[in-house]
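> Take this sequence and fold it.
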Amino acid sequence: MKDTKIQWHPGFVAAIALEFAENRGDLIYEKEYNLNTKPLEIDLLVIKKNKGVILDNEIGKFFRGHNIMEYKSPNDYLNIDTFYKAGAYASLYKSYGRMVDEIKAEDITVSIVRERKPEGLFRYFKEHGMTMANPHQGIYYVLDGVLFPTQIVVSKELKKENHIWLHALSEDMGRQDLRELLEKVSSIKGNYERELADSVLEVSIRANSGIAEKLRGDDNMCQALLELMEPEIMEIKRQIKEQVMQEGMQKGMQEGMQKGMQEGMQKGMQKGILGTVSTLRDLGLDNNSIKEAIIKTYQLSNSEAEGYL
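Numbers count the residues shown, from 1 in each chain. Sure, this is the predicted structure:
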């Protein structure tokens, strides 16, 4: 069963902070920026750059004073509507200054980061005469039809040796890719940088749990790298087991409620508990795990729960 609880946005924020680690003192990060009285459905990262600072990172060469970044996870769409929505968020950001025109339009940029090239969007640009430039590998500037300077970063096309953190935000990593990421994480010494690296590693292992499991059985993997990866793998297994139990209990309860309509609530509840026990047993859970689950779900005593095993 594939883990579905991947927190891509925190991993992206950590990856960007590592991308610009050399300029940590020159940048201010505002995560999950709210542009209204209610949080927007999309997570934005706003990076404020000190005036006069020039960033060496190819992504940051584009930056001005206020830089709106939107991350699209591997399963998110990037079409013409989502493209213009990012521009709309930048417009809202500009309009919410403390005074009129406090944030200058010419001081704002928009960056959209996605693993794969949005072929449909680029085709739309071409069909509608919107020109683009490709100044750096994996980085595309949109030159027409935008209110603010806008770039699209295709992380899969970036040079991996220079952008290993963004490359790690993928569901398509190979064994060697994950090994190199583990080696990179293990080489980091500073506490703050290590926390960021661990956040990226967590996302990467969750998104590539099959590859991570294969590495665990690789005799060529050193013990230090295996230990680095082990806590995340065990947490993934725990959450998957919990998800299996919840699904099994839900199925058992639904069956019990349906039968209870016909046979009375007591008999229906009994059948529901038996259905839950049967489902969880089919899923490979042991008696202790099953007993714990039905005690919690049906408020049974220990002896009552044992009677259903």
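> which residues does Thr109 bridge with?
Thr109 has these beta-bridge partners by DSSP bridges: Asn67.
> my guess is it contacts Val153, does it?
No - when contacts are counted by Cβ atoms under 8 Å, Thr109 is not listed as touching Val153 (11.8 Å). The way it works is simple: take the backbone N, C-alpha and C, and place the C-beta from them, glycine included.
> quick one: the closest residue to Ala14 other than its chain neighbours and Gln299, what's the gap?
The shortest distance from Ala14 to any non-neighbouring residue, by Cβ to Cβ, 6 or more residues apart in numbering, is to Ser199 (3.8 Å). Using Cβ to Cβ, to the nearest Å, we find Ser199 at a distance of 38 Å from Gln299.
> Which of the two has more residues huddled nearby?
Using other Cβ atoms under 10 Å as the criterion, Ser199 and Gln299 rank with Ser199 on top: 20 against 8.
> where does that one fall, phi/psi-wise?
Phi and psi for Ser199, reported as degrees, to the nearest 10, are phi -60, psi -40.
> how about the helices in the protein?
For the chain, the helices defined by DSSP state H occupy 8-19, 80-95, 119-127, 164-167, 175-186, 191-207, 209-216, 223-263, 265-282, 287-298, 302-306.
> Going by neighbour count, which residues of the fifth one are buried?
Taking 16 or more other Cβ atoms under 10 Å as the basis for neighbour counts, the residues of helix 175-186 that come out buried are Asp177, Leu178, Arg179, Glu180, Leu181, Leu182, Lys184, Val185, Ser186.
> From Gln7, how far out is the fifth one?
In this structure, Leu181 lies at 17 Å from Gln7, with Cβ to Cβ as the measure.
> Could you do Val185 as well?
Val185 is 17 Å from Gln7, by Cβ to Cβ.
> Repeat that for Ile59.
Between Ile59 and Gln7 the distance is 22 Å, computed by Cβ to Cβ.
> Those two: which is more packed in?
Neighbours were counted for Ile59 and for Gln7 using other Cβ under 10 Å; Ile59 has more, 23 against 12.
> Quick check: phi and psi on the more buried one?
Dihedral angles of Ile59 (phi, psi; degrees, to the nearest 10) stand at phi -70, psi -40.
> Surely it and Val153 touch.
Yes - contact criterion Cβ under 8 Å: Ile59 and Val153 qualify, at 5.8 Å.
> Find the residues that touch each one of the two.
Ser111, Ile139 (Cβ atoms under 8 Å, 6 or more residues apart in numbering).
> list the contacts for the residue nearest to Ala14?
Counting by Cβ under 8 Å, 6+ apart, Ser199 makes contact with Pro10, Gly11, Val13, Ala14.
> could those go into CSV alongside neighbour count?
Shown next, in CSV, are these (neighbours: other Cβ atoms under 10 Å):
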residue, neighbour count
Pro10, 16
Gly11, 25
Val13, 21
Ala14, 23
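> Quick one: the residues you listed as CSV, columns for distance to Val142 and pLDDT too.
Shown next, in CSV, are these (distance: Cβ to Cβ, whole Å; pLDDT from 0 to 100):
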residue, distance to Val142, pLDDT
Pro10, 27, 91
Gly11, 25, 93
Val13, 23, 93
Ala14, 27, 94
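> Quick check: of the residues you listed, which lies closest to Pro135?
Distance to Pro135 across the contacts of Ser199 (Cβ to Cβ) is lowest for Val13, with 24.7 Å.
> what sits against that closest one?
Residues near Val13 by Cβ under 8 Å, 6+ apart: Tyr29, Lys31, Leu45, Ser199.
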